[in-house]
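[1] fold the following for me, if possible:
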Amino acid sequence: QVQLQESGPGLVNPSQTLSLTCTVSGGSITTNPYYWSWIRQPPGKGLERVGNIYSSGSTYYMPSLKSRTSISRDTSKNQFTLQLSSVTPEDTAVYYCARGDHNQRAWDSWGQGTSVTVSS
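    So this is what the prediction gives:
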């Protein structure tokens, strides 16, 4: 059974870059039909997709965040990483990594989430 675990700092200064890593066990991040996502939930709001990285290594970013977002991977460590630059307090959220299934058109495995606060 695949397991995902987020890691990274819980506090980031405004204008700095938020960096989170998702470590995956029990399944390879290069295997079809899966893709790997970063999703966030700001306080009092719903879930928001940040972006995906696919088994091929290609990426997709939400248009509203595209200019500030980069998702990369380290296949040797079976990890993928989110970098969100020029953060503001509006980027404060619980950040989740998740596995998506192209066939099911849904996320089928989630990390527990990590809380990130943007504040000086």
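[2] contacts for stretch 8-15, please.
    With Cβ atoms under 8 Å, 6 or more residues apart in numbering as the test, stretch 8-15 has contacts from 18-21, 86-89, 91, 95, 114-120. For the C-beta atoms, the positions are set from N, CA and C on the backbone; glycine is no exception.
[3] change it to 10 Å
    Residues outside stretch 8-15 that contact it (Cβ atoms under 10 Å, 6 or more residues apart in numbering) are 16, 18-22, 81-82, 84-92, 95, 114-120.
[4] report the central residue of this structure.
    Geometric centre of the chain, nearest residue: W38, 2.3 Å, by Cα atoms, centre = their mean.
[5] I'd like the distance between it and K66.
    Using Cβ to Cβ, to the nearest Å, one gets 13 Å for the distance from W38 to K66.
[6] re the thing from before, neighbours around the nearest residue to the residue nearest to the centre of the chain once chain neighbours are set aside, how many?
    Closest residue to W38 apart from its sequence neighbours, by Cβ to Cβ, 6 or more residues apart in numbering: V50 at 4.1 Å. V50: 25 surrounding residues under other Cβ atoms under 10 Å.
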